[in-house]
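Participant: Provide a 3D model corresponding to the input given below.
(one chain, ligands or ions: 1)
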Amino acid sequence: MPRFAYVNGRYIDHRRASVHVEDRGYQFADGVYEVIHLFRGRLVDEGPHLDRLERSLAELRISLPLSRAALSLAMRELIRRNRYSTGLVYIQVTRGVAPRDHKFPADPHSSLVMTVRPISEFPSEILENGVRVVTVDDLRWARCDIKTVALLPNVLGKQAAVESGAYEAWMCDGDGFITEGTSSNAWIVTAEGVLVTRPAGIDILRGITRQAILEHADEIGIPFEERKFSREEACAACEVFLSNSSHFVTPVTNIDGVVVGNGRPGSLSTALHNRYLAFMCASPRALS
Ligand code: PDD
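Facilitator: Predicted coordinates:
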C-alpha cells in the first residue's frame, strides 16, 4: 500500500518526501512538532495537541503556514490517503528555508511536514509486566515546555536506556528530582495512594496525556499532587508509571535495577490505563 507524506501543501510518496538542505529545522533545530495518536480511526485529543502546537510556535515566533482549520483538514486527508486505522500522526513546523544565518530570516516562509506511521496496539505484555527505566542527568535547555525538534539530550538519554535494556530514561535535575522521561511524563503513587507528578513549569513538557490523566483522576476521586519527586522517592513508591500519546499509561516496575513495589504493575496504574483506553475509544472519528 503506498504511503504518503504531506510536505508544504502536497501529498507525496513517503519514500520521496523531502525538504531543502537549508531548512532551518535541519540546520538549527528551529522548529516544533506534535505527535497525535490515531486510535482505531479516532484522533485522540486533537484539540489540545493543536493548542500546544500553536503555543510552541508563538513562543518561538514561527507562524503556522496555514490556518488551524486547514491544518486539521490536511491532516485528515493524509490519514485518508494512508488508510491506517491505528498510528501516530507527526506534525512538524519549522521556520522554513533560508540561507544559513542564525538570526530570523527577514521574510520567513515556515515549512509544514506531516506523516502518519502505523503502530501496533499497546502490547499486553507491558501491561502484565511493566517496563524498566534508568535515570540520566537532564542535559536540556531551560524551556522544555516548548515542544521543539531540538531533542539531542532526549536522543542520548533514550539510547542510554536501550543500551542498558530499559524502555525509557528518566531525566534528573541538578537536585536529584526527576523532571520527566525522554519522551514521556513521569508519575508515582505514594503509600497513601496519592498520585504525584511534577508541576508543568518550564522544566518539563506539559503532556497532553498527563493533563487527561489528571482530569480522569479528579473524576474518579483519586487524590493527586503536582510536586517534584526524587529518584529515591520513585524507587520507594508503591506504583510508578509514565505517560505519553503513543503509549498512554505505561506501568514502570524497575528503576535503575531497583524493583518498584511488588514488581508488578500497580492497580491504580492499570485502572488509569484502562480508563484512558476507554477515553481513546470514545474520541471523535478522524474521517466521517
Ligand atoms: N513525546 N515529555 C516529553 C519530553 C515528550 O517528548 C513527550 C511526548 C511527553 C508526553 O507528552 P504527550 O502526553 O503530549 O505525548 C512528555 C512524543 C510522544 C514524541 O516525542 O514522540
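
Participant: excluding chain neighbours, what is closest to Arg206?
Facilitator: Distances taken as Cβ to Cβ, 6 or more residues apart in numbering place Ala200 nearest to Arg206, at 3.9 Å, with adjacent residues excluded. Using the backbone N, CA and C atoms, a C-beta is placed for each residue, glycine as well.

Participant: quickly find the element holding the one you found.
Facilitator: Following DSSP states H and E, there is no helix or strand that holds Ala200.

Participant: tell me how far it lies from Arg275.
Facilitator: Using Cβ to Cβ, to the nearest Å, one gets 21 Å for the distance from Ala200 to Arg275.

Participant: and what of Val32?
Facilitator: Relative to Arg275, Val32 is positioned 30 Å away (Cβ to Cβ).

Participant: out of those two, which sits in the busier spot?
Facilitator: Using other Cβ atoms under 10 Å, the more surrounded residue of Val32 and Arg275 is Val32, with 26 against 18.

Participant: show me what the more buried one is bridged to.
Facilitator: Beta-bridge pairing of Val32 under DSSP bridges involves Val93, Thr148.

Participant: how about it, what does it touch?
Facilitator: Val32 makes contact with Leu53, Ser56, Leu57, Leu60, Ile62, Gln92, Val93, Thr94, Ile146, Lys147, Thr148, Val149 under the criterion Cβ atoms under 8 Å, 6 or more residues apart in numbering.

Participant: for the ligand, what are the nearby residues on the chain?
Facilitator: Selection of the chain residues close to the ligand by Cβ under 6 Å from any ligand atom yields 35, 154, 180, 183-185, 205, 207-210, 243-246.

Participant: show me which positions of stretch 232-244 end up buried.
Facilitator: By 16 or more other Cβ atoms under 10 Å, the buried positions in stretch 232-244 come out as Glu233, Ala234, Cys235, Ala236, Ala237, Cys238, Glu239, Val240, Phe241, Leu242, Ser243, Asn244.

Participant: now that stretch: mean pLDDT?
Facilitator: For stretch 232-244, the mean pLDDT works out to 98.

Participant: now swap in stretch 116-127 and tell me
Facilitator: 94.

Participant: who's in contact with it?
Facilitator: 38, 78-79, 82, 84, 86-90, 246-248, 250-251, 265, 270, 273, 277.

Participant: what about it, how long is it end to end?
Facilitator: Taking Cα to Cα, to the nearest Å, stretch 116-127 runs 25 Å from one end to the other.

Participant: same check, this time on stretch 130-147
Facilitator: Per Cα to Cα, stretch 130-147 runs 27 Å from first to last residue.

Participant: so which residue of the stretch 1-150 of the chain comes closest to the ligand?
Facilitator: Val35 (4.2 Å; Cβ to the nearest ligand atom).

Participant: can you pull the contacts of that residue?
Facilitator: Val35 makes contact with His49, Leu88, Val89, Tyr90, Ile91, Ser245, Ser246, according to Cβ under 8 Å, 6+ apart.

Participant: ok, now which ones touch the second one?
Facilitator: Under the criterion of Cβ under 8 Å, 6+ apart, the contact partners of Leu88 comprise Val35, Ile36, His37, Leu38, Val116, Arg117, Ile119, Ser245, Ser246.

Participant: give me the phi and psi for the first one.
Facilitator: The reference is to Val35. The phi/psi pair for Val35 (degrees, to the nearest 10) reads phi -130, psi 120.

Participant: give me the pLDDT for it.
Facilitator: pLDDT for Val35: 98.

Participant: so Tyr11: helix, strand or coil?
Facilitator: strand (DSSP: H, G, I helix; E, B strand; the rest coil).

Participant: just checking, it touches Arg3?
Facilitator: No: with contact defined as Cβ atoms under 8 Å, Tyr11 does not count as touching Arg3 (10.5 Å).

Participant: and the residue lying closest to Ile12 once chain neighbours are set aside, how many residues sit next to it?
Facilitator: In this structure, Ile12 finds its nearest non-sequential neighbour in Ala5, 5.5 Å apart by Cβ to Cβ, 6+ apart. The tally of other residues near Ala5 (other Cβ under 10 Å) stands at 21.
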